[in-house]
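A.B. asks: the sequence and its predicted three-dimensional model are supplied below.
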Amino acid sequence: MRQTLKALQFIFLGFLLAGSCVACLPSDDVRADAGAPDAPPDRPIRPPPADERHGLRLITIRMPQAFLEEMRADPEADIERPSRVHFDGREYAPVVFQLHGGLARQHPKLSFRLTFPDDDKPVTDLFGGAAEEHRRLVFHASWVDSSFARNKLTFDAVRAAGGLAPRVSHAVVEVNGEFWGLYVVIERIDKIFLRKNGLNRSGDLYKAVGHDAHLGDNANPLAGFSVKSGETANPGVPLAALVDTLQNTPATFEAFDRSVRPVFHLRDYTTFARVHSFAGNRDTYTKNYYLFHDATAPDGGDAARWRMISWDADATWGNNWDGERVSSQAGRRLYGTDRFAERYFGIDDYWDDHVARYSDALDAELSVDVLQRAAADLFARIEEACIVDHDLWQRPTTCSDEAERLRDFIDARHSTMRRLVDSNLADMDDDDSNNDNDDD
């Protein structure tokens, strides 16, 4: 039996996830701790798992245990292995299982992503809308964010403000019969995401993975970026042209309106800056976002402008990138730290518009009522699973403590940023008053 397993695994590794590898996945009656292709003949077939646990969708994943141990032994390696995934009353196979994240790979509870077969993608309602197809999903362990809420609150606010961000849900996960706990399910930024958001799925998609993705000059224009998809032969060329425009256009409203606005979606940029600065994001602006560009779109049209997409927002709402607490007074600024920010927001017309929109947002998608209601609804849905996860992984705080900490931060942060915005509005009024006096 063991020789059979080794032979099957060898064949699989040689074919690199070929469709014929379905045979090397565990069958429904395989013991979770064995990784063998067949169960003893006297072992009863295990009934299919329930579709829910702790009030949330249950995702059941099965694969040869040797594959899982291989990934645990070298979490930094980009190892892809086939699995069987069961949810919503159906099983999908082979589904590619791969560990996810950078620092997240070093945590005891692993984050991962699933890629479903092209010809058998699940069609279901994962994010509270209509049933739709999904090919790639990210399952975030939320090790840094013990509230399991920060990504969702941030991305929902970005989308409510008209920006681009993935949708977020929650599920509980079981792998080879072992309960892994509560997970944040995040929509993958891929061709399906682009199509759903009215963008050309063949366009170029860049992920900002390092702090060199600061929208400033680099000897290598792709420094800090990973090209995720696209058909441009040399994707560094259009990115270098964008940075050149952002950095070398004269810093006047007229010049920016003529040269920057037609190539860079400024509303995306200011929405990103507004929501993430309000949330106190400690790990973005120079990384943790996507850029999209359709090189085939006619120059000057809306489709030709570079788009900015939010990503990875667990270092928000009072959380640092390592999970340490951050004061609501930290980062009291209305925009980010990338190298385009000072140039753009240093132009009076753009700054005045940004402050005015920030003020409006504090009474709308960033209001205390909206955010507190969203947090309360979310915690009510995930509370039971959150408690189980905290107990399972021996987290140092309780779910109720984390929920209270996040909700206290919302109140305090709103007061902090309201004072800052009002102060800037007053300065703008003073400037207008002085200009009126000058006209006299």
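C.D. replies: Here it is on my side, so go on.
A.B. asks: use CA for all of it now, contacts and neighbours both
C.D. replies: OK.
A.B. asks: how deep is the residue nearest to residue 343 when sequence neighbours are not counted tucked in, by neighbour count?
C.D. replies: Spatially, and ignoring its direct neighbours in sequence, residue 343 is nearest to residue 251 (6.2 Å; CA to CA, 6 or more residues apart in numbering). As a burial measure, residue 251 scores 16 neighbours (other CA atoms under 10 Å).
A.B. asks: what's near enough to touch the nearest residue to residue 252 once chain neighbours are set aside?
C.D. replies: Excluding its sequence neighbours, the residue lying closest to residue 252 (CA to CA, 6+ apart) is residue 347, at 6.2 Å. Counting by CA atoms under 8 Å, 6 or more residues apart in numbering, residue 347 makes contact with 251-253.
A.B. asks: quick check: buried residues in the host helix or strand of residue 271?
C.D. replies: In this assignment (DSSP states H and E), residue 271 forms part of helix 266-278. For helix 266-278, burial by neighbour count (16 or more other CA atoms under 10 Å) applies to 266-278.
A.B. asks: using CSV, list the CA coordinates for the next helix-or-strand element following it.
C.D. replies: Downstream of helix 266-278, the first helix or strand assigned by DSSP H and E is strand 289-293. What follows is strand 289-293, C-alpha atoms only, in CSV (Å, rounded to 0.1, in the frame of the first residue of the first chain):
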residue,chain,number,x,y,z
TYR,A,289,-2.1,47.1,-3.3
TYR,A,290,-2.6,46.3,-6.9
LEU,A,291,-2.3,48.4,-10.1
PHE,A,292,-4.2,47.5,-13.2
HIS,A,293,-3.5,48.9,-16.7
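A.B. asks: partner strands of strand 289-293, with direction?
C.D. replies: strand 204-208 (antiparallel), strand 307-310 (antiparallel) (DSSP bridges).
A.B. asks: what sits up against the longest one?
C.D. replies: Going back to what we said before, that points to strand 204-208. Taking CA under 8 Å, 6+ apart as the rule, strand 204-208 contacts 224-232, 235, 286-295.
A.B. asks: and the residue nearest to residue 343, how far from residue 344?
C.D. replies: 7 Å (CA to CA, to the nearest Å).
A.B. asks: which of the helices or strands spans the closest residue to residue 364 other than its chain neighbours?
C.D. replies: Of all residues not flanking residue 364 in the chain, residue 370 sits nearest, at 7.2 Å (CA to CA, 6+ apart). Using DSSP H and E, residue 370 sits in helix 368-393.
A.B. asks: after that helix, next one along is what?
C.D. replies: The helix or strand immediately downstream of helix 368-393 is helix 399-439, counting by DSSP H and E.
A.B. asks: helices or strands up against that next one?
C.D. replies: On a contact count with 3 or more CA pairs under 8 Å, 6 or more residues apart in numbering; DSSP states H and E, helix 399-439 meets helix 266-278, helix 348-361, helix 368-393.
A.B. asks: how about the ones you listed in TSV, adding mean pLDDT and distance to residue 100?
C.D. replies: What follows is the helices and strands packed on helix 399-439, written out as TSV (pLDDT from 0 to 100; distance: least, CA to CA, whole Å):
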stretch	mean pLDDT	distance to residue 100
helix 266-278	98	23
helix 348-361	98	33
helix 368-393	97	19
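A.B. asks: which of these sits closest to residue 184?
C.D. replies: Comparing the helices and strands packed on helix 399-439 against residue 184 with CA to CA, the closest turns out to be helix 368-393 (10.2 Å).
A.B. asks: same for that closest one, what does it pack against?
C.D. replies: strand 56-62, helix 150-160, strand 178-187, helix 399-439.
A.B. asks: okay if I get the ones you listed as CSV plus mean neighbour count?
C.D. replies: As requested, those are exported to CSV (neighbours: other CA atoms under 10 Å):
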stretch, mean neighbour count
strand 56-62, 21
helix 150-160, 23
strand 178-187, 21
helix 399-439, 16
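A.B. asks: got CSV for those, with distance to residue 142 and mean pLDDT too?
C.D. replies: Converted to CSV, the helices and strands packed on helix 368-393 look like this (distance: least, CA to CA, whole Å; pLDDT from 0 to 100):
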stretch, distance to residue 142, mean pLDDT
strand 56-62, 16, 96
helix 150-160, 9, 98
strand 178-187, 7, 97
helix 399-439, 12, 87
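A.B. asks: now tabulate those in TSV and tack on distance to residue 383.
C.D. replies: Formatted as TSV, the helices and strands packed on helix 368-393 follow (distance: least, CA to CA, whole Å):
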stretch	distance to residue 383
strand 56-62	10
helix 150-160	15
strand 178-187	10
helix 399-439	7
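A.B. asks: to residue 352, which of those lies closest?
C.D. replies: Across the helices and strands packed on helix 368-393, residue 352 has its closest neighbour in helix 399-439 (7.2 Å, CA to CA).
A.B. asks: check the offset of that closest one from the chain's centre.
C.D. replies: Averaged C-alpha coordinates place helix 399-439 at 27 Å from its chain's average position (CA atoms, centre = their mean, to the nearest Å).
A.B. asks: before we move on, what about stretch 133-146?
C.D. replies: How far stretch 133-146 lies from its chain's middle: 8 Å, per CA atoms, centre = their mean.
A.B. asks: run through who's touching that stretch.
C.D. replies: 100, 104, 107, 109-118, 121-124, 148, 182-188, 190, 192, 314-315, 319, 321-323, 390, 395, 397, 399, 402.
A.B. asks: buried ones among the residues you listed?
C.D. replies: For the contacts of stretch 133-146, burial is judged from neighbour counts taken by 16+ other CA under 10 Å, and it is met by 100, 104, 109-117, 121-122, 148, 182-188, 192, 314-315, 319, 321, 323, 390, 399, 402.
A.B. asks: centre-most residue in this protein?
C.D. replies: residue 311 (3.6 Å; CA atoms, centre = their mean).
A.B. asks: confidence score at that residue?
C.D. replies: If you check residue 311, the pLDDT there is 97.
A.B. asks: quick one, what contacts it?
C.D. replies: 165-166, 288-290.
A.B. asks: show me which of the residues you listed is closest to residue 77.
C.D. replies: residue 288 (20.3 Å).
A.B. asks: neighbours around that closest one, how many?
C.D. replies: The number of residues near residue 288, taken as other CA under 10 Å, comes to 19.
A.B. asks: what about the stretch 1-150 of the chain, any weak spots by pLDDT?
C.D. replies: Applying pLDDT under 70 to the stretch 1-150 of the chain flags the ranges 1-50, 101-105.
A.B. asks: re the thing from before, what angle do the helix holding residue 370 and helix 150-160 make?
C.D. replies: 150 degrees (axes from the mean of the first three to the mean of the last three CA atoms, to 10 degrees).
A.B. asks: buried set for helix 368-393?
C.D. replies: 368, 371-372, 375, 378-379, 382-387, 389-390.
A.B. asks: cool, stretch 249-269 as well?
C.D. replies: Neighbour counts using 16+ other CA under 10 Å place 251-253, 256, 259-269 of stretch 249-269 among the buried residues.
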